Structure formats: structure tokens, C-alpha cells
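**Q** following is a predicted model, sequence given first.
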Amino acid sequence: MLSYTIFKAENITPSGEEVEHLGFLYRMRNIREHTLHMIKSTEVVTLILVHSKGGSRQIDQRQHNMMGHQIHLIFPGQSCSFHFFKETSAYHIRIPRQNFDKLCHILSINIKLLKDYPILHVSPYEFEILRNEFNMIRTELYRYQPLLSLILSHLATSLQEINRSITSQIDNLTPYAYPPMLSRFLELIELHYKQEHRVCYYASTLNVTSNYLSKLTRQYMQVKPLKLIHDRLLKEAMHLLRSSSNPIKSTIVELGFSDFSTFSHFFKKRTNMSPSAYQMQSLKA
């Protein structure tokens, strides 16, 4: 069971809305002067799009000013509070940690980079792009049976926009670059993931041990190498299942699975849906 972010606030204006499903939450609030939000994050990551006329945010005892258009990220384990001095509009998206991590890995977004820049100033144009994606997530969460694939699609766009904004504002990205060995591993996954699902194949090709490859991916990406292979397989499987009305058998062959049972177990373990159920939902969307 997930332990969700806890919000405590004073002087919230009546205007605002909130909707939650599948562990995701959308919250929009217009906040009056002198409102304080105390937040404790555990097993979720929170993105907050803020348009403020003045305020501050404290992260693990460090004070940061709030003004204008900003995106704020809150990661598990952080002690965090908000103090709004003047009128502020805030749009929250709460994401289960496992979904956030999976998206970052699939999109090749460096999580350390996001953690090192938890507050980002954005232009009004960038703000509107992100707010539109947040609103699309809100719309899907209001549906009778929200589609996880659509929610994740809009989150992926949001994370890519955030990543692009961060990288455009940093002069030296060298500390966040992957070492050549890890970059080569990621390239090999892209080339061979359909035929080769084993870590030992990639380790052998790179002339290193599986343990060394595991240390490398854990240090820079906080995951095991097998998860990177599986994430790439899952991304392609979801794409193939959405692209035709009856591609399950061909999908199994194309992705190198030995039989339907193996593929079904792989897919359901990671999506909580059978391949056929996912396909049916996608076709209805």
C-alpha cells in the first residue's frame, strides 16, 4: 500500500478541485496570502506547477524563494514546506514512485538531475504547455475507467518538458552525463532488446561482469540492468498492442518471447493487466 503525501494548509480559498485514481492525484488550488503547506513525501513523487506573486519553499532546512512561473518537484523522504506571501495558483500532480522511476528510465531522464534542481523557473509559454498536460491528466482521472497508458503518456510529455527546461538552464551537464560504458549498454539494449533479454549477454558483449554492470546502473540510474531491458520491452509491447486490433501473437514473436504464457506473465506483472485487456482498453480510447 502506498503512503501518500500529506497536506496541511490554512486559508485555502474555496476555489479549487481534486481528483484521485490509480494512485495518481490531481489537485488545483488558488491560495490566499499567508497560507502554509506542510508536506511529507513517502512513496510518491509530486510535481507542482506554481504561478506565485511571492512566497518561499523550504527543503530539508534550506530556504528557496518563489516568484513567477515555476515547477517544483518533491521526492520521497524530503521534508518540505511552502509559505505563500501573496496570491498563488498551484497545480499538483502526485505520481506513485514506481511509475515515476519507470518513466524516467524509459525516457532516459537522469533522476539525479531532477533531484539536484527541485525548483525550476519556466517561461509563461512553458508554464502553459505543462498546465495543459496537467489538465489532460485531470480529464482522464475524471473518466469512469481512466486509462493508465494515457495518464503515463501525458506525464511523459511533462517530464520531457521539465528535463528540457532544466538542461537549457545549466551550463555544465558533465556531472550528469553517463559514463561511456553505461551509454554503450543503453545503446546495446536499443539494438538487441527484442532478441536478447539476459543481462549476461550485454555484460559479455561489453567485456565486463554482470555484477559490474549492475553496480554501474545502480550508481547512475538507481536500478538493476535487467529492469532497463524489461522497461524497453514493455514500452515496445504497449506500442505494438495499441497499433492493431489483433497483434498479440505477432507481438510475442517480434519481442522474442517463447510463448503466450511467458509474455502474458511478463506484461501483467508490470501493468496489472493482461495483454488482451490492455489492447481492448486502448482500442476503446
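**A** Thanks, I have the structure now. Residues are numbered from 1 along each chain as shown.

**Q** all helices of the stretch 151-285 of the chain, in order?
**A** With DSSP state H, counting those that start in this stretch as the criterion, the stretch 151-285 of the chain has helices at 180-192, 199-206, 210-221, 225-242, 248-254, 260-271, 275-284.

**Q** lowest-confidence helix or strand of the chain?
**A** Within the chain, no helix or strand scores below strand 6-8, which has a mean of 38 by mean pLDDT, DSSP states H and E.

**Q** center of this protein, which residue is that?
**A** Centroid-nearest residue in the chain: F100, 3.0 Å away (criterion: C-alpha atoms, centre = their mean).

**Q** am I right that that residue sits in a helix?
**A** Yes - checked against DSSP: H, G, I helix; E, B strand; the rest coil, F100 lies within a helix.

**Q** quick one: end-to-end distance for stretch 173-181.
**A** 18 Å (C-alpha to C-alpha, to the nearest Å).

**Q** which other residues reach it?
**A** Stretch 173-181 has contacts (C-beta atoms under 8 Å, 6 or more residues apart in numbering) with N110, K112, L113, D116, T167, L186, L206, V208, L216, Y220. No exception for glycine: its C-beta is placed from N, CA and C like everyone else's.

**Q** can I get the residues you listed in a markdown table with distance to S276, neighbour count and pLDDT?
**A** As requested, these are exported to a markdown table (distance: C-beta to C-beta, whole Å; neighbours: other C-beta atoms under 10 Å; pLDDT from 0 to 100):
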| residue | distance to S276 | neighbour count | pLDDT |
| --- | --- | --- | --- |
| N110 | 36 | 19 | 82 |
| K112 | 38 | 13 | 80 |
| L113 | 38 | 17 | 85 |
| D116 | 42 | 12 | 85 |
| T167 | 40 | 14 | 89 |
| L186 | 31 | 18 | 88 |
| L206 | 37 | 16 | 94 |
| V208 | 39 | 15 | 94 |
| L216 | 37 | 18 | 90 |
| Y220 | 37 | 17 | 83 |
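
**Q** domains of the chain?
**A** Under the assignment automatic domain parsing, the domains of the chain span 6-169, 178-284.

**Q** strands paired with the lengthiest strand in the chain, and their directions?
**A** The residue-count maximum for a strand in the chain (DSSP state E) belongs to strand 44-59. Paired neighbours of strand 44-59 in the sheet (DSSP bridges): strand 62-74 (antiparallel), strand 79-84 (antiparallel), strand 88-96 (antiparallel).

**Q** just the CA coordinates for the shortest one, please, in CSV.
**A** This means strand 79-84. Output in CSV follows, covering the C-alpha atoms of strand 79-84 (Å, rounded to 0.1, in the frame of the first residue of the first chain):
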residue,chain,number,x,y,z
SER,A,79,11.0,17.4,4.5
CYS,A,80,9.3,20.3,2.7
SER,A,81,7.0,23.3,3.4
PHE,A,82,5.5,26.1,1.4
HIS,A,83,4.7,29.6,2.6
PHE,A,84,2.8,31.8,0.2
